[in-house]
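Novice: let's see this in three dimensions:
(2 chains)
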Protein chains: 2
Amino acid sequence: MPPEQFLARQEKLLSLIREAGVDALLVTGVSNVSYLTGFSGDSSALLIGPSVRVLISDSRYQTQIAEECPGLEADIRTQKTKQPDQIASVVSGAKPAKLALESHIVTADEFARLSDAIGKTDSGKPITIKPLASAVEKLRQVKDDDEIKETRRAIHIAERAFLAMKATLTDDLTERQVAHELEHSMRRLGADRAAFEPIIAVGDHSALPHYRPGERRIGESTFVLVDWGAALPSGYRSDLTRVLATGTVPSQLQELHGVVLKAQLAGIAVIRPGAKLKDVDAAARRVIEEAGYGDFFGHGLGHGIGLHIHEEPRLSSIADGELQPGNIVTVEPGIYLPNFGGVRIEDDVLVTPDGHEVLSSLPKDLD
Amino acid sequence: MPPEQFLARQEKLLSLIREAGVDALLVTGVSNVSYLTGFSGDSSALLIGPSVRVLISDSRYQTQIAEECPGLEADIRTQKTKQPDQIASVVSGAKPAKLALESHIVTADEFARLSDAIGKTDSGKPITIKPLASAVEKLRQVKDDDEIKETRRAIHIAERAFLAMKATLTDDLTERQVAHELEHSMRRLGADRAAFEPIIAVGDHSALPHYRPGERRIGESTFVLVDWGAALPSGYRSDLTRVLATGTVPSQLQELHGVVLKAQLAGIAVIRPGAKLKDVDAAARRVIEEAGYGDFFGHGLGHGIGLHIHEEPRLSSIADGELQPGNIVTVEPGIYLPNFGGVRIEDDVLVTPDGHEVLSSLPKDLD
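Specialist: Okay, the predicted model is just below:
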């Protein structure tokens, strides 16, 4: 991405910093630093405010920062300095009267340690430290054109890998082998890695919404739930779920599948700018409740995807807020019957200025 | 692992909880919960004290907890309850006068939110919340026999995959392809995944200690640095680094290699119970400094490995404490010359009751 893109993001963040009534924000979230600067390393922090912009890092990253962030001032420590002391020293030089920390990311210990170290610096006036949650995440939940393009690519790669996996699926493969083959295919197609450890859940394992693939073989049941996605080198991700029939499936599973599909379509149908997050969840949940399975849909309807696999906005019954153009969310209702099996159908949906676009396109039938 | 193993770990933790002067600890670190209970999911917390032991989780994990943690009491929330409120309610039932939180893991926001929610419960007497850092990590840095066995296996798999990669290395492969092939081999050999994204750094890319593999091809230089490891299904990990000659290497690189190797052997030589962490770092660092490259070794000498790739103890010039039997640490000195290249040699070393055992066995020569 061109450097101007990062400068534009920094400018947007400055508005939020001003709104929050502070003079600077210390950005410590790895993806947040990367989103704002293009720096792909970790263990670094960006001090940013109307009158300061410094990337605080260590000597391991000196060359990399020069390459990835042309024009950005960097403060580099050697292994003799501890990071909180380095940060305190940089902050002390910038002298913000009020400094915000990313209180949803820094640990309680880090917050205390930084407050302490900054308090000890000789900066003339005392510096007040305030918590500020999710400012960069607020920007990140609205995707720009480059980010939408990258997400489309992450979905496309995941879908192609799924079709390849399906074409070569045999009864003797274990869940773990299928998961590894899926990731291997996604990488051949240009992914950096799987967006998360794929869930390959044979038979009643599918009743565990967050099952980790194990040694059960495909042939040990007649259906398998697959929840997978690709992460690109740029960090953008896809997240999809399908249930595949690998034999004659129980009629109750077919029934569950019909209900979940109807619920998913009902959820997708109400996605548009201004739709309340909890209303989207409710639209899908109602279908499952009316079919009598309300107690077996124990998670929210979906979540934003981007540099992280779980981002804002969340589609759930306890979420506040509403959708806006540029959000990309999963829609993934499920019904899970213990010791029997579960069905979840998941697609990725972009909120457009006048409605929505389902970015994923794999058939949803239980075939 | 047998359930008694987890009970034994919980008992050891109870001693630390008593020592810290609190009545219970809320364990929220994913690996910590898993280490203490055998539960392999996330988003859950263990409330543990002399008079309480409850796993606090949600309905996605209900079946899984029953399978993985027989005998452990579980409190399960539905999607209508927020986690802090659930935790507050469980804590309120247990009525500890002093409750510790893992202040090195919970975010500043979570700390505030939990304090607030717990403060609002009607538990008769007020509950005092205290920060407590790294109690479970203190146990985790001393490995038991099962953990040492798992680490040996993670090293063995990584070494076999490296030899397979070396045997089939060709000039046209990109760094990224080599990284993916390495992970694929480790999985075929029984790993769950790579312990971290392998570093495959061709030529001067090796001067970046935390380089991420890209599109440069093996044939574009005469040497490549490989830093890789395996993570087993149990979570235990290995971490190794070698530099491979793929052509006639510059004589300065050979010189660097000789210095780094001498430094590594000097570091390993002083590893024994009671050795100060900073002295081990110093033993290796001195060799590099005396050769005139002190400014080009910008990181610590090594770190513990286990369920995480970076654990205590740290071998560095600013570390306090000393080695004890059962520690497993990496020893990985390096010299990095910008725009030229870098050399790092890394092995995994167990601290034994009377000295040390180098667990890894790949040749260290630049061949």
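
Novice: from now on I want contacts and neighbour counts done on CA atoms only, so please keep to that.
Specialist: Noted.

Novice: I figured A:Ser360 hits A:Ile157, correct?
Specialist: No. A:Ser360 lies out of contact with A:Ile157 (CA atoms under 8 Å); the separation is 10.6 Å.

Novice: got the CA coordinates for stretch A:35-43 in CSV?
Specialist: The C-alpha coordinates for stretch A:35-43 follow below in CSV (Å, rounded to 0.1, in the frame of the first residue of the first chain):
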residue,chain,number,x,y,z
TYR,A,35,-2.6,-0.8,10.3
LEU,A,36,-1.4,2.7,11.0
THR,A,37,2.2,2.4,9.7
GLY,A,38,2.7,-0.6,7.5
PHE,A,39,5.3,-2.0,9.9
SER,A,40,4.9,-5.8,10.0
GLY,A,41,6.9,-6.6,13.1
ASP,A,42,5.8,-6.7,16.7
SER,A,43,6.9,-5.6,20.2
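
Novice: domain map for chain A?
Specialist: Per automatic domain parsing, the structural domains of chain A span A:3-140, A:145-358.

Novice: among those domains, which is nearest chain B?
Specialist: domain A:3-140 (3.8 Å; CA to the nearest CA).

Novice: what mean pLDDT does that closest one have?
Specialist: For domain A:3-140, the mean per-residue pLDDT is 92.

Novice: same question, stretch A:360-367
Specialist: 93.

Novice: helix, strand, or coil at A:Glu183?
Specialist: The assignment at A:Glu183 comes out as helix when based on DSSP: H, G, I helix; E, B strand; the rest coil.

Novice: how many neighbouring residues does the closest residue to A:Lys276 other than its chain neighbours have?
Specialist: Using CA to CA, 6 or more residues apart in numbering or on different chains and skipping residues adjacent in sequence, the residue nearest A:Lys276 is A:Glu322, 4.1 Å away. As a burial measure, A:Glu322 scores 18 neighbours (other CA atoms under 10 Å in any protein chain shown).

Novice: just A:Lys130 next, same as before
Specialist: Counted with other CA under 10 Å, A:Lys130 comes out at 18.

Novice: for A:Lys138, give me its contacts.
Specialist: Taking CA atoms under 8 Å, 6 or more residues apart in numbering or on different chains, we find A:Lys138 in contact with A:Glu312.

Novice: just the CA atoms of the host helix or strand of it, as CSV, please.
Specialist: Per DSSP states H and E, A:Lys138 falls inside helix A:135-140. C-alpha atoms of helix A:135-140 as CSV (Å, rounded to 0.1, in the frame of the first residue of the first chain):
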residue,chain,number,x,y,z
ALA,A,135,-9.9,3.8,18.9
VAL,A,136,-7.9,2.2,16.1
GLU,A,137,-10.4,-0.7,16.0
LYS,A,138,-13.1,1.8,15.3
LEU,A,139,-11.3,2.8,12.1
ARG,A,140,-10.5,-0.8,11.3
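
Novice: hang on, A:Phe296 packs against A:Gly341?
Specialist: No. In this structure A:Phe296 lies outside contact range of A:Gly341 using CA under 8 Å: 10.9 Å.

Novice: show me which of those two is the more surrounded one.
Specialist: For A:Phe296 versus A:Gly341, neighbours defined as other CA under 10 Å are more numerous around A:Gly341 (24 against 19).

Novice: rewinding a little: the residue nearest to A:Lys276 contacts A:Leu277, doesn't it?
Specialist: Yes. Counting by CA under 8 Å, A:Glu322 touches A:Leu277, with 5.1 Å between them.

Novice: quick check: which of the domains of chain A is buried the most?
Specialist: domain A:145-358 (a mean of 21; mean count of other CA atoms under 10 Å in any protein chain shown).

Novice: is the longest helix along chain A anywhere near chain B?
Specialist: Longest helix of chain A, by residue count under DSSP state H: helix A:145-167. No. Helix A:145-167 stays clear of chain B (CA under 8 Å from any CA of the partner chain), getting no nearer than 15.5 Å.

Novice: separation between A:Glu147 and A:Gly304?
Specialist: 13 Å (CA to CA, to the nearest Å).

Novice: just want the phi and psi numbers for A:Leu25.
Specialist: phi -120, psi 140 (degrees, to the nearest 10).

Novice: report the contact partners of it.
Specialist: Counted by CA under 8 Å, 6+ apart, A:Leu25 has contacts A:17, A:46-49, A:99-102.

Novice: hmm, try it at 7 Å
Specialist: A:Leu25 makes contact with A:17, A:47-49, A:99-101 under the criterion CA atoms under 7 Å, 6 or more residues apart in numbering or on different chains.

Novice: need those in TSV (columns: distance to A:Ala291 and secondary structure).
Specialist: As requested, the contacts of A:Leu25 are exported to TSV (distance: CA to CA, whole Å; DSSP: H, G, I helix; E, B strand; the rest coil):
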residue	distance to A:Ala291	secondary structure
A:Ile17	47	helix
A:Leu47	52	strand
A:Ile48	52	strand
A:Gly49	53	strand
A:Leu99	52	strand
A:Ala100	48	strand
A:Leu101	47	strand
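
Novice: that older thread, hmm, A:Ala275 and the residue nearest to A:Lys276 touching each other?
Specialist: Yes. A:Glu322 lies in contact with A:Ala275 (CA atoms under 7 Å); the separation is 5.3 Å.

Novice: list the contacts of stretch A:230-238.
Specialist: With CA under 7 Å, 6+ apart as the criterion, stretch A:230-238 contacts A:150-151, A:154-155, A:157-158, A:186, A:191-195, A:229, A:305-307, A:309.

Novice: kind regards, and thank you for your time.
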